[in-house]
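Trainee: no FASTA, just this:
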């Protein structure tokens, strides 16, 4: 089992812009109870030079990062003389998944490829990853350890600056439909991600210049084969982060009511490319009682208000 306590405290809080994830505490960091405390480690210098901090912070000031929207943790908690002394059992990828679910950081940036590989079992390339943890994007930086001195400082700074730019999400407009049948049941699509299964309202992103109604009619025709319907009122708006294809998006969703008679979906496009693998009609009671993940999470309350 992975260690459940660390000689170096986590620097964490809800809704951070980014959590930096090192591989594990070294002896210098353990003695100082501070992340990246080895004076030969370039982490704090890179943070400043890349624009994350307004001045050069000392490791002892690590909790001041929270005021700037950043946190720090490690992929493994056990202190070792070097990362080569770690074993597979020292890593706990499930802990990072819980961190993403409970604290909802915009991103986790792994400081070194080995930190990512230890957590997930695969060796990544540098930069943004296709994988995400729910709505938390993942990014891999070069190691800042003195053991990585073969990588020039300028190259490591390039990737820290790339992370700084990547953390500002792009805006994406989307429309979705609460499709209700004559029995008051709600139609949801089965959407699968690396971290599990979600049930979502049909719809999707708008093309440039596309109106809500045109976009929703296009999406419902593609996803459900639904064409002849009367567009009802706008019933809900919400915003959430969405990692997609290695990018960070800030998706603004507008949800409309659509009522139908007896209807069974017949998609006109291959939904497997969008990780959609089926659909289900839900009664209000089933939505209230389910433990499955629904998006948006307050969908049962929204349906009751209608």
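Mentor: Nice, thanks for sending it over. As the structure is a computational prediction, the values presented were derived from the model and not from experiment. Residues are numbered from 1 along each chain as shown.
Trainee: Look at the spatially most central residue of the chain and report its pLDDT.
Mentor: The structure's the chain has its C-alpha centroid closest to residue 136; by CA atoms, centre = their mean the separation is 1.5 Å. Here, the pLDDT recorded for residue 136 equals 93.
Trainee: What sits closest to it if chain neighbours are left out?
Mentor: Distances taken as CB to CB, 6 or more residues apart in numbering put residue 100 closest to residue 136, at 4.0 Å, once the chain neighbours are dropped. C-beta: built from backbone N, CA, C; applies to glycine.
Trainee: For the one you found, pull up the helix or strand it's in.
Mentor: helix 93-103 (DSSP states H and E).
Trainee: and that helix, what does it pack onto?
Mentor: Contact analysis of helix 93-103 by 3 or more CB pairs under 8 Å, 6 or more residues apart in numbering; DSSP states H and E lists strand 18-22, strand 107-111, helix 113-120, strand 127-133 as its packing neighbours.
Trainee: Any buried residues in the last one, and which?
Mentor: What it means is strand 127-133. By 16 or more other CB atoms under 10 Å, the buried positions in strand 127-133 come out as 128-129, 131-133.
Trainee: Of the helices and strands packed on helix 93-103, give the one that comes closest to residue 189.
Mentor: In terms of CB to CB, the element of the helices and strands packed on helix 93-103 nearest to residue 189 is strand 127-133, at 18.7 Å.
Trainee: quick one: average pLDDT of that closest one?
Mentor: 91.
Trainee: who does the helix or strand just after that strand touch, helix- and strand-wise?
Mentor: Sequence-wise, the next helix or strand downstream of strand 127-133 (DSSP H and E) is strand 136-141. Counting contacts by 3+ CB pairs under 8 Å, 6+ apart, strand 136-141 packs against strand 107-111, helix 113-120, strand 127-133, helix 153-166, strand 231-244.
Trainee: rerun that using 6 Å as the cut-off
Mentor: Here strand 136-141 touches strand 107-111, strand 127-133, going by 3 or more CB pairs under 6 Å, 6 or more residues apart in numbering; DSSP states H and E.
Trainee: Please list the outside residues in contact with the first one.
Mentor: Here strand 107-111 makes contact (CB atoms under 6 Å, 6 or more residues apart in numbering) with 18-22, 116, 136-141, 144, 163.
Trainee: Is residue 182 within a helix or a strand, and which one?
Mentor: Counting by DSSP H and E, residue 182 is part of no helix or strand.
Trainee: Distance of the nearest residue to residue 287 once chain neighbours are set aside relative to residue 270?
Mentor: Closest residue to residue 287 in three dimensions, ignoring its sequence neighbours and counting by CB to CB, 6+ apart: residue 300, at 4.1 Å. Distance, residue 300 to residue 270, using CB to CB, to the nearest Å: 30 Å.
Trainee: Of those two, give the one with the bigger neighbour count.
Mentor: Shown here are residue 300 and residue 270; by other CB atoms under 10 Å, residue 300 has more neighbours (18 against 9).
Trainee: Check the secondary structure at that one for me.
Mentor: At residue 300 the chain is in helix, as set by DSSP: H, G, I helix; E, B strand; the rest coil.
Trainee: Surely it and residue 286 touch.
Mentor: No. Applying CB atoms under 6 Å as the test, residue 300 and residue 286 come out as separate, 9.0 Å apart.
Trainee: circling back: nearest to residue 257, out of the helices and strands packed on strand 136-141?
Mentor: strand 127-133 (30.1 Å).
Trainee: Sheet partners, orientation included, of that closest one?
Mentor: Each strand paired with strand 127-133, and its direction, by DSSP bridges: strand 136-141 (antiparallel).
Trainee: hang on, the earlier thing: work out the gap between the helix holding residue 100 and the centre of the chain.
Mentor: How far helix 93-103 lies from its chain's middle: 10 Å, per CA atoms, centre = their mean, to the nearest Å.
Trainee: before we move on, back to that, lowest average pLDDT across the helices and strands packed on helix 93-103?
Mentor: strand 127-133 (a mean of 91).
Trainee: returning to what we had before: go through the helices and strands packed on helix 93-103 and name the closest to residue 47.
Mentor: strand 18-22 (8.2 Å).
Trainee: In terms of secondary structure, what does the closest one contact?
Mentor: So strand 18-22, by 3+ CB pairs under 6 Å, 6+ apart, packs with strand 70-74, strand 107-111.
Trainee: Deepest-packed of these, please.
Mentor: Counting by mean count of other CB atoms under 10 Å, strand 107-111 has the highest mean neighbour count of those, with a mean of 27.
Trainee: Parallel or antiparallel, which strands does it pair with?
Mentor: Each strand paired with strand 107-111, and its direction, by DSSP bridges: strand 18-22 (parallel), strand 136-141 (parallel).
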